[in-house]
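[1] Okay, predicted coordinates and the sequence, questions at the end:
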Amino acid sequence: MAETELKYASCYFCTSKGCGMKVYVREGRVQRVAVDTQAPVGPGGFCVRPTLARDYQHHPFRLNFPLKRSGPRGTHRWEQISWEQALDEIAEKLGSIRNRYGAEAVATSSGTGRGGAEFAKTRFMNLFGSPNRIGVITICYAPRAMVWFATFGGHLVPDRKPGKTRLIVHWGRNAHEGGPSSWNSFQKAKQAGMKTLVIDPRFIEPSRQADRWVQIRPGTDAALALGMMHVIIEEELYNREFVETCTSGFSALRERAAAYPPQKVAGITGLTPDAVLETARFYAAHQPSNMVIGVATEHSAPNSIQAIRAINVLRAVVGAVDVAGGDLISGPCPGFIPDVCMEANEMLPASQRRKQLGSDRFRFLGYPGWELIERQMRKGWGERHSAAVNLHSAAHAPTVFRAMLTGKPYPVKALLVSCSNPLLSYANTQLVYQALMAAELLVTFDITWTPTAVVSDYVLPAACWMERPDMGNFASVGGYPVVQVGEAAVADRVPGEYDRRNDYVFWRELGVRLGQAEHWPWKTFESLWEYRIKEIMEEGGSSTLSDFVHHQRFKVVAPEPGRCLSSGLATPSGKVELYSGILKDLDYDPLPGYTEPEIPEEIRKKYPLINISGVRVMPYHHSEFRHVEAFRKRHPEPIVEIHFDTARKKGITDGDWVFIETPIGKIKQKARLSNAFDPRYIVSQHAWWFPEKPAEAPSLFGLWESNINVTTDDDPDRCDPLSGAWPYKGQTMRCRIRKA
Ligand SMILES: Nc1nc2c(c(=O)[nH]1)N[C@H]1C(S)=C(S)[C@@H](COP(=O)(O)OP(=O)(O)OC[C@H]3O[C@@H](n4cnc5c(=O)[nH]c(N)nc54)[C@H](O)[C@@H]3O)O[C@H]1N2
Ligand SMILES: Nc1nc2c(c(=O)[nH]1)N[C@H]1C(S)=C(S)[C@@H](COP(=O)(O)OP(=O)(O)OC[C@H]3O[C@@H](n4cnc5c(=O)[nH]c(N)nc54)[C@H](O)[C@@H]3O)O[C@H]1N2
Ligand SMILES: [Mo]
């Protein structure tokens, strides 16, 4: 009987990207996957997804060979073709579109970057000449990271030190469902005696375990942070020494915070004035602290960037940043070549950058903001900094979808979809659908079938993380100085069974066919990683990736406190910018503020409830894993949580199917009655589809039945004025419900 081999791989089952895994392989097939507890980054015992790896790897729902549409769009009729033919034909069509409409008529769509090669997609687009990469980064992570760069000149990394760190704050972050490694760390912090503060409209597991839970009104986080600053400044609870030596703009901030007294903030946030006071005092009294900010603030346009800014400025005022036991300012890992150096950003001419859709209006996350940030980061950290384009700047997706539909301000004719499921994840599914149907060329490169794949012209099979060497994205793009590399556990092609490609190879092969060959010297993903970690391999005496994986595997560099005093920060003033020079240059309010969204009376009346749309549930990751039976059994149906009082008024009982309706659409989810939040809200799940339902249109695997984004709106007028983030949460999410 064949021996079982042990492989060390980097898991990409979720957006954490890169937890260390041990994959046990026999005769080229995955037998079992377990968390590698030796790896510096991993979920401990808190993640169940490794138990699904084997079913996922061998599941019949996976894509195995390139397919070309052989009937009208959406009829789900396909012809199997070779990779050569698929890539040749796609390249030919892209070239023709570029000739007819210009390179900007080709767009790409990204999700959470789980192919491990977003830099390669960006490289391809830069060399091709198009600035129109859209992605969910506009509403996830890029806002947080860009605010860090603008405010602190680097990433914030928690320096969780027993005996030093006194408080852990989870601000709108439910790590219990959504972040196994973060939850692991929350538990350890509690055991080490650190206090915990949770700011969330819902009474969730972290709220239950916290020393203090603040039940905030959705979308009002900026006001709470400003109110806390008001109290902290007025009562002289701030860190005077830190503020004086390491920050700029304090007097302007003091004035701004003065406009947010507890009484007023209580009116906005739904808290009592005492609760605002006590939260501020509790926070100031337990420093240094670490903070984890979840995605809800980013989803709460029009207060998305301002909320994240306000919360981050608050941490600076109490001196929780750049000090031991607080959050440290970090950059790339020494010896490692980060994403920004792999993107060929210098190859996209300024004239093409200026055509990026949406970035004239939403300047912070488009090229205008990125260019200012990039200049600072380069000055502070050198060429190898962490402000990669692929994670921090994108075209505005709602504007691109409208251009696909209307040809205005110019036509967008092709969309290349990889690691992304546009029909489930963006807001306003109906509009996205029409935009996709209007495309001259739609290509989907994914691991499994998806509703988006069904309406594509070409569907191409991607290798999953067990089939490729990959690295935790911490250093690669995140600016966390941890290099942790894994190997391919099994082959990505088995004659007669499947023929997949990893994301890097896909973009390279397409680029080579479009005249980019000289820019892609690394033929395989392995050789690419060897190039990027060469200096680190040499330090430890490894000469190949395989050597490195089995002998060194990691490099961890602890960021140092006191950067502000020692080298100055990568911000315009060299200090923590309470008043942001970058936002000022972009013609935005340089100080944090809160704007109450205007909602017409008629809408308030007709749609009295507020939908917190899309909270995380284990084990699903957005639209993924619905096809894996073992997991589906645990969570067979989409759930909408409704308060008992609201349900009673509507004659809804636990387990009823309920319509959720907004001015743009209606879907249904199954009611679960709850008293964990205010009766004026409902809490729905996102990204639901049904792989067991018919694939062909109009069903598209039951796309229209329970997908909450059929009801969410991406109208640019409703987006965050700085970043263009469209709302999924906050006060604008008006809806009504009734029993189905
Ligand atoms: N199981 C699972 N895990 C995931 C994912 C997944 O799809 N499934 N997705 C991954 C991704 S890409 C992301 S971005 C992260 C997101 O991770 P989280 O940020 O933890 O995501 P959510 O669960 O949507 O929201 C967290 C909490 O925010 C609260 N909240 C809602 N509105 C507000 C508000 O206005 N203010 C405040 N303060 N809180 C509010 C919600 O009640 C919820 O408890 O999760 C990652 N992890
Ligand atoms: N209403 C509402 N909508 C939301 C949210 C919400 O809270 N509420 N959350 C938003 C957030 S924070 C996010 S991040 C987005 C997520 O947006 P999505 O587009 O769903 O992102 P992902 O889940 O990363 O990836 C989706 C696709 O990538 C494929 N994939 C996985 N691994 C690979 C790989 O290695 N290679 C390739 N080529 N493909 C791969 C998966 O099979 C899947 O089809 O959804 C957003 N949508
Ligand atoms: Mo996300």
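    Okay, I see it. Ligands and ions are numbered 1, 2, ... in the order given.
[2] Please make it C-alpha for all contacts and neighbour counts, starting now.
    Will do.
[3] Okay, and Ile90 sits in which element?
    helix 83-101 (DSSP states H and E).
[4] And the contacts of that helix?
    With contacts defined as C-alpha atoms under 8 Å, 6 or more residues apart in numbering, helix 83-101 is touched by 65-68, 103-106, 411, 413-414, 441, 458, 509-510, 513-514.
[5] isn't Ala266 right next to Pro273, touching?
    Yes: counting by C-alpha atoms under 8 Å, Pro273 is a contact partner of Ala266 at 5.1 Å.
[6] sec struct for the residue nearest in space to the middle of the chain, please.
    By C-alpha atoms, centre = their mean, the chain has its centre lying nearest to Cys140, at 3.7 Å. Of the three states, Cys140 takes coil under DSSP: H, G, I helix; E, B strand; the rest coil.
[7] which residues does it contact?
    Counted by C-alpha under 8 Å, 6+ apart, Cys140 has contacts 295, 298-299.
[8] swap the cut-off to 10 Å and go again
    Each residue near Cys140 by C-alpha atoms under 10 Å, 6 or more residues apart in numbering is listed here: 111-112, 294-299, 391-392, 725.
[9] separation between it and ligand 1?
    Distance of Cys140 to ligand 1, given as C-alpha to the nearest ligand atom, to the nearest Å: 5 Å.
[10] And for His686?
    Using C-alpha to the nearest ligand atom, one gets 8 Å for the distance from His686 to ligand 1.
[11] Ala517 too?
    Look at Ala517 and ligand 1: by C-alpha to the nearest ligand atom, they are 33 Å apart.
[12] Strands of the stretch 551-700 of the chain, start to end?
    For the stretch 551-700 of the chain, applying DSSP state E, counting those that start in this stretch gives strands covering 554-556, 576-577, 609-613, 639-643, 657-662, 665-674, 681-684.
[13] Among those strands, which comes closest to ligand 2?
    Closest of those to ligand 2 is strand 609-613, at 4.8 Å (criterion: C-alpha to the nearest ligand atom).
[14] For the closest one, report the contacting residues that lie outside it.
    Outside of strand 609-613, the residues within contact range by C-alpha under 10 Å, 6+ apart are 201, 218-219, 296, 299-300, 604, 640-642, 646, 660, 662, 679-686, 708-709, 711-712, 727-737.
[15] Narrow these to just the buried residues.
    201, 218-219, 296, 299-300, 640-642, 646, 660, 662, 679, 681-686, 708-709, 711-712, 727-737 (16 or more other C-alpha atoms under 10 Å).
[16] and ligand 2, which of those residues reach it?
    Contacts with ligand 2 within the buried ones among the contacts of strand 609-613, counted by C-alpha under 6 Å from any ligand atom: 686, 708-709, 728.
[17] Dump those residues into a markdown table; add secondary structure as well.
    Shown next, in a markdown table, are these (three-state DSSP):
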| residue | secondary structure |
| --- | --- |
| His686 | coil |
| Ile708 | helix |
| Asn709 | helix |
| Tyr728 | coil |
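[18] which residue packs closest to Ser684, ignoring adjacent ones?
    Sequence neighbours aside, Val640 is the residue nearest to Ser684 in space, at 4.3 Å (criterion: C-alpha to C-alpha, 6 or more residues apart in numbering).
[19] contacting residues around that neighbour?
    Neighbour list for Val640: 611-614, 655, 657-660, 668-674, 682-686 [criterion: C-alpha under 10 Å, 6+ apart].
[20] residues contacting Asp322?
    Counting by C-alpha under 10 Å, 6+ apart, Asp322 touches 152, 156-159, 242, 246, 288, 316, 328-330, 559-565, 576.
[21] Buried among those residues? Make that a ChimeraX selection.
    Burial among the contacts of Asp322 is assessed by 16+ other C-alpha under 10 Å; the matching ChimeraX selection reads:
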select :152,156,157,158,159,242,246,288,316,328,329,330,559,561,562,563,564,576
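[22] Now find how far off-centre stretch 479-498 is within its chain.
    In this view, stretch 479-498 has its centroid 22 Å away from the chain centroid, taken as C-alpha atoms, centre = their mean, to the nearest Å.
[23] Now that stretch: buried residues?
    Buried, per 16+ other C-alpha under 10 Å, within stretch 479-498: 479-492, 498.
[24] And the helices in the stretch 401-550 of the chain?
    Counting by DSSP state H, counting those that start in this stretch, the stretch 401-550 of the chain has these helices, from start to end: 422-425, 429-438, 451-454, 473, 503-511, 525-532, 534-540, 545-551.
[25] Determine which of those helices approaches ligand 2 most closely.
    Nearest to ligand 2 among the helices of the stretch 401-550 of the chain is helix 422-425 (3.8 Å), distances taken as C-alpha to the nearest ligand atom.
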